[in-house]
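Student: Can you look at this prediction? I've put the sequence above it.
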Amino acid sequence: MGLLPTTKSPMGARLRLPLVALNVFLLVAAVLAGLQRMGWAIAWPPVQFAAYHGPLMVVMFFGALIALERAVALGRLVYYAAPVLLAAAGVVWLLGAPLAVVQGLAVVGALVFALVAWAMVRHHRALYTETMGLGIVTFAVGTVLWAWGHPLPRVIWWWVAFFVLTIAGERLELGRLTGAAQRYGHWFRRGMVLSVVGLLLAEAWPPVGVRVYALGTLALGLWLLKYDIARFTIRQPGLPRFAAACLLSGYFWLILGAAVVLVVGFVQGGLLYDAALHAVMLGFVFAMVFGHAPIIFPALLGLPIRFHPALYAPLVLLHGSLLWRYAADLLHSPVGRRWGGMLNAMSIALYFAIMVVVRVADVLRSRRA
């Protein structure tokens, strides 16, 4: 493997832009499919994708995007196989490929991604790499179970664990700067182990296993809220403060989502299922996206993207619309939930629109200078 070209090669650099473009395409498709699922009459993608909003968003968009980030970080062209396969699964699916073909591509991509996790841990053995690696394994397990025919309400918690463990591992790495990882890492490890034990137990006994998983996730959320370096960077101006605001508000939703699962247990649909799931998938995951995108996208694209305070507007809209959606779920109001979902989508669109406008304005300004 030492003779393989790295991402610094022309071939590796050329892969990044088309993969990011495909990821944006898949994000749009997944968001629109989610709105269709809520009852909005949207012409594209084909209406049958409303039932597959989850796999489109988790496997094809986020799976490919995070696999691309790992490929760039590890610095070897061979690791691009995972994001290419996962993105290709989503694209051919939207173009009309049979589900069996799509799931086959997704499973192979997820298994390759799991090999990337193994390489990552082997390269540097530490609690944070083990946590991120374990998160990738839960992604692969969930994808295999989905292809095997498991119902989505059973599979989804494996995919949720992918986000929780991946993000927690990244934050744990930065926790080394404050010493929290060294002093309190044993509590973090216990929460991680409890989460995985719960996932395994849920395969045989879902009502108990899902609650055990939620207890471990709650422990991780509380650990992050107490020890994350964002508690200190929130005092700094500019991008560090914005990223910290995203992180700390996201931990609130992670804790709330885990608490809801502890109360309601294993549910296979309905408004309480929506409340339990999207507290994490929207409030936690997209808050992390908002906080990290100004750092990640310049690294992936090789383009500087300046932070602008206007990015606070979509963050407020995201959390406000999710509170609205949460209230609608608890009040059993499908109409309120539908409008909350539309505002969720608008917050995501507004965020990326602001980033594009800021980038274009900077380019025009540099050309006039």
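Tutor: Structure received. The model shown is predicted, which means the values in this text are computed figures rather than measured ones.
Student: worst-scoring helix or strand of the protein, pLDDT-wise?
Tutor: helix 271-278 (a mean of 81; mean pLDDT, DSSP states H and E).
Student: Show me what the mean pLDDT comes to for the helix or strand just after it.
Tutor: Sequence-wise, the next helix or strand downstream of helix 271-278 (DSSP states H and E) is helix 285-301. Mean pLDDT, helix 285-301: 87.
Student: Report the buried residues of helix 285-301.
Tutor: 285-294, 296-297, 300 (16 or more other C-beta atoms under 10 Å). C-beta here means a position set from N, CA and C on the backbone, and glycine is covered the same way.
Student: Out of those residues, which comes closest to Val92?
Tutor: Relative to Val92, the closest of the buried residues of helix 285-301 is Leu300; by C-beta to C-beta it sits at 22.7 Å.
Student: Relative to Thr178, how far out is the closest one?
Tutor: Distance of Leu300 to Thr178, computed by C-beta to C-beta, to the nearest Å: 27 Å.
Student: same deal with Ala243?
Tutor: Taking C-beta to C-beta, one finds Ala243 at 16 Å from Thr178.
Student: Pick out whichever of these two has more residues nearby.
Tutor: The residue with more neighbours, out of Ala243 and Thr178, is Ala243; 23 against 15, by other C-beta atoms under 10 Å.
Student: Please name the nearest non-neighbouring residue to the more buried one.
Tutor: Gly291 (4.1 Å; C-beta to C-beta, 6 or more residues apart in numbering).
Student: correct me, but that neighbour touches Leu248?
Tutor: No: between Gly291 and Leu248 there is no contact under C-beta atoms under 8 Å: 9.5 Å.
Student: and the direction of the lengthiest helix in the chain versus that of helix 285-301, what angle?
Tutor: The residue-count maximum for a helix in the chain (DSSP state H) belongs to helix 334-368. Orientation check (axes from the mean of the first three to the mean of the last three C-alpha atoms, to 10 degrees): helix 334-368 against helix 285-301 gives 30 degrees.
Student: For helix 334-368, name the packing helices and strands.
Tutor: Here helix 334-368 touches helix 10-38, helix 271-278, helix 285-301, helix 312-330, going by 3 or more C-beta pairs under 8 Å, 6 or more residues apart in numbering; DSSP states H and E.
Student: Send me the third one as CSV with only the CA atoms.
Tutor: Output for helix 285-301, consisting of C-alpha atoms alone and laid out as CSV, is shown next (Å, rounded to 0.1, in the frame of the first residue of the first chain):
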residue,chain,number,x,y,z
VAL,A,285,-26.4,15.8,13.1
PHE,A,286,-27.2,18.9,11.1
ALA,A,287,-26.0,21.2,13.9
MET,A,288,-22.7,19.4,13.6
VAL,A,289,-22.8,19.8,9.8
PHE,A,290,-23.4,23.5,10.1
GLY,A,291,-20.5,23.9,12.6
HIS,A,292,-18.0,21.8,10.6
ALA,A,293,-18.9,22.6,7.0
PRO,A,294,-16.8,25.9,6.9
ILE,A,295,-13.8,23.8,7.9
ILE,A,296,-14.5,20.5,6.0
PHE,A,297,-15.6,21.9,2.6
PRO,A,298,-12.5,24.1,2.1
ALA,A,299,-10.4,21.0,2.9
LEU,A,300,-12.3,18.8,0.5
LEU,A,301,-12.5,21.4,-2.4
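Student: for that helix, the distance to its chain's centre please.
Tutor: With C-alpha atoms, centre = their mean, to the nearest Å as the basis, helix 285-301 stands 11 Å off its chain's centre.
Student: Also stretch 316-330?
Tutor: That offset, for stretch 316-330, works out to 19 Å (C-alpha atoms, centre = their mean).
Student: Convert the C-alpha atoms of that stretch to PDB, please.
Tutor: Only the C-alpha atoms of stretch 316-330 are listed here, as PDB (Å, rounded to 0.1, in the frame of the first residue of the first chain):
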ATOM      1  CA  VAL A 316     -31.600  29.500  14.600                       C
ATOM      2  CA  LEU A 317     -34.100  28.400  11.900                       C
ATOM      3  CA  LEU A 318     -33.000  24.800  12.200                       C
ATOM      4  CA  HIS A 319     -33.500  24.700  16.000                       C
ATOM      5  CA  GLY A 320     -36.700  26.800  15.900                       C
ATOM      6  CA  SER A 321     -38.300  24.700  13.200                       C
ATOM      7  CA  LEU A 322     -37.300  21.500  15.000                       C
ATOM      8  CA  LEU A 323     -38.900  22.800  18.200                       C
ATOM      9  CA  TRP A 324     -42.000  23.500  16.200                       C
ATOM     10  CA  ARG A 325     -41.900  19.900  14.700                       C
ATOM     11  CA  TYR A 326     -41.300  18.500  18.200                       C
ATOM     12  CA  ALA A 327     -44.300  20.200  19.600                       C
ATOM     13  CA  ALA A 328     -46.400  19.000  16.600                       C
ATOM     14  CA  ASP A 329     -45.200  15.400  17.300                       C
ATOM     15  CA  LEU A 330     -46.100  15.600  21.000                       C
END
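Student: contacts for it?
Tutor: Stretch 316-330 is contacted from outside by 249, 253, 271-272, 274-275, 278-279, 282-283, 286-287, 290, 333-337, 339-341, 343-344, 346-348, 350-351, using C-beta atoms under 8 Å, 6 or more residues apart in numbering.
Student: could you measure Phe139 against Ala110, distance?
Tutor: 6 Å.
Student: pretty sure Val84 contacts Pro18?
Tutor: No: using C-beta under 8 Å, Val84 is not in contact with Pro18; the gap is 9.5 Å.
Student: quick one: which of these two has more around it?
Tutor: A direct count of neighbours by other C-beta under 10 Å for Val84 and Pro18 places Val84 higher, at 20 against 11.
Student: Nothing else from me, thank you.
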